[in-house]
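Trainee: Dropping the sequence and predicted coords here.
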Amino acid sequence: MCEKHRPPSKFYDATNPMIDKNGLMSVCRDHCNEIYNNYFSIYNNLEIALQLTCQDLDVRFSKEALKQTQSHIEKLLSQGKKAEVVFGYYKSKLSSTGKTNERLDCFRYKDSDFNCITDNTVELYNNPNEINNTIDNLEENDNNFDVTLDIIKYWGRNKESWEYEYLEEEMYKIKTSFECPDYGMEMIMRDICYINLDVEKIRQSGKDNKGDVNKLIETRSKLMNDAKIKPIQSSGAEANDQITFGTLIKKLENERPTDEPLDEWKDPDNFEKWHKIFVGHLADMNDIDNETVREYKELIKPYTVIREDEENGD
């Protein structure tokens, strides 16, 4: 892609030794990340963009590496830093999550753990007009529940408004009762919500000739057992405290963050000012000259007494 010579340090380790015989990928690091950025600009979804990038570059798509990449990005953002080379983070996590004796040619796309993206999912992201038409039709039939684009992307198309509302309410109930630490748990929770919806639809129809409800309940029980959220698996104390207060706060911060405070409430005690004075004074005592020291000197200038001999340069 570069069409020019670049040093080996500008390339990631190869995953297909039959093509990249020198042990380095044919596409440089910058352009690997450019491919990812292009997909992300189209789908606005890290998981889809990473999998499509891996498919283009013949790199294994790993659920564990994806999870660690997401955690790494969240850590960077929490520190006020930018996540600029997402595919690079993923490639590094992929190498660290591989098995000790795993061969180099086991990291190709054909060795991916699973395919979380189906043709329908990509089609859904490629046809925003079709989704908007679906939303318009739902709003005409039922204005009591706001069906958004994200809801349709999450639960899929071809559902009625009450079904989306039912699924959203079920997911809210289960997530406020149990912790959801990773994508695997979320998949189980989502399947449980689908099963609850199917049970509700059968019961509303009044037709359960083949015992479908019992089969669905049995499947749901197995899923709850896999997720260790069956009532029998929890003690009385755990049943009353299955999700910590801190987890609830984190959920609220992620889903319903507070608005920016008014200017008069941002720093009512002038903490930032006194902090700069304290740190700036310590830095100035150690002959450090930086932005904080200069701000400190400006802050204390109204309270500073300068002798006449200092003014005259004596």
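Mentor: That came through, no problem.
Trainee: Show me where the protein dips below the pLDDT cut-off.
Mentor: Scanning the chain for pLDDT under 70 picks out 97-106, 113-144, 209, 231-244, 309-314.
Trainee: counting residues per helix, which one in this structure is longest?
Mentor: Longest helix of the chain, by residue count under DSSP state H: helix 183-205.
Trainee: helix or strand right after that helix?
Mentor: Sequence order places helix 212-227 as the next helix or strand after helix 183-205, per DSSP states H and E.
Trainee: Now that following helix: buried residues?
Mentor: Leu216, Arg220, Leu223, Met224, Ala227 (16 or more other C-beta atoms under 10 Å). C-beta: built from backbone N, CA, C; applies to glycine.
Trainee: which of these sit farthest apart?
Mentor: Leu216 and Ala227 (16.4 Å; C-beta to C-beta).
Trainee: Report the residue ranges of every domain in this structure.
Mentor: Listed by automatic domain parsing, the domain ranges of the chain are 8-117, 121-255, 266-311.
Trainee: now for whichever strand or helix holds Arg294, which elements pack on it?
Mentor: Mapping Arg294 onto the secondary structure by DSSP H and E places it in helix 291-300. When contacts are defined as 3 or more C-beta pairs under 8 Å, 6 or more residues apart in numbering; DSSP states H and E, helix 291-300 packs onto helix 271-285.
Trainee: Go ahead and measure how far the helix it packs on is from the middle of the chain.
Mentor: Remark: helix 271-285 is offset 37 Å from the chain centroid, using C-alpha atoms, centre = their mean, to the nearest Å.
Trainee: Use 335 as the first number for this chain going forward.
Mentor: Noted, 335 is the first residue going forward, which turns the last one into helix 605-619.
Trainee: Mind listing what's buried along it?
Mentor: By 16+ other C-beta under 10 Å, the buried positions in helix 605-619 come out as Lys610, Ile611, Gly614, Asp618.
Trainee: out of the residues you listed, which one sits closest to Glu534?
Mentor: Using C-beta to C-beta, the buried residues of helix 605-619 come closest to Glu534 at Lys610, 59.1 Å.
Trainee: Hmm, the closest one is touching Lys631, no?
Mentor: No. With contact defined as C-beta atoms under 8 Å, Lys610 does not count as touching Lys631 (10.4 Å).
Trainee: Now the terminal residues of stretch 485-497, how far apart.
Mentor: Length of stretch 485-497, first residue to last, C-alpha to C-alpha, to the nearest Å: 11 Å.
Trainee: Let me know the distance separating the residue most central in space within the chain from Asp623.
Mentor: By C-alpha atoms, centre = their mean, the chain has its centre lying nearest to Gln404, at 5.4 Å. Going from Gln404 to Asp623 by C-beta to C-beta, to the nearest Å gives 41 Å.
Trainee: Which member of the buried residues of helix 605-619 is positioned nearest Glu520?
Mentor: Lys610 (43.4 Å).
Trainee: what separates the closest one from Asp618, distance-wise?
Mentor: Counting by C-beta to C-beta, the gap from Lys610 to Asp618 is 11 Å.
Trainee: anything in contact with each of the two?
Mentor: Both Lys610 and Asp618 are in contact with Tyr630, where contact means C-beta atoms under 8 Å, 6 or more residues apart in numbering.
Trainee: Now do the contacts for Ser429.
Mentor: Listed by C-beta under 8 Å, 6+ apart, the contact set of Ser429 reads Asp347.
Trainee: helix or strand for it, which one?
Mentor: Ser429 belongs to helix 420-431, assigned by DSSP H and E.
Trainee: Send me that helix as PDB with only the CA atoms.
Mentor: Backbone C-alpha positions of helix 420-431 (Å, rounded to 0.1, in the frame of the first residue of the first chain) are rendered in PDB as follows:
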ATOM      1  CA  VAL A 420      -6.800   0.200  17.800                       C
ATOM      2  CA  PHE A 421      -5.700  -2.600  15.500                       C
ATOM      3  CA  GLY A 422      -2.200  -2.300  17.000                       C
ATOM      4  CA  TYR A 423      -3.600  -2.800  20.500                       C
ATOM      5  CA  TYR A 424      -5.600  -5.800  19.200                       C
ATOM      6  CA  LYS A 425      -2.600  -7.400  17.500                       C
ATOM      7  CA  SER A 426      -0.600  -7.000  20.700                       C
ATOM      8  CA  LYS A 427      -3.400  -8.600  22.700                       C
ATOM      9  CA  LEU A 428      -3.700 -11.400  20.200                       C
ATOM     10  CA  SER A 429      -0.100 -12.300  20.600                       C
ATOM     11  CA  SER A 430      -0.300 -12.300  24.400                       C
ATOM     12  CA  THR A 431      -3.500 -14.400  24.500                       C
END
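Trainee: Now do that helix: distance to the chain's middle.
Mentor: Counting by C-alpha atoms, centre = their mean, helix 420-431 is centred 16 Å from the centre of its parent chain.
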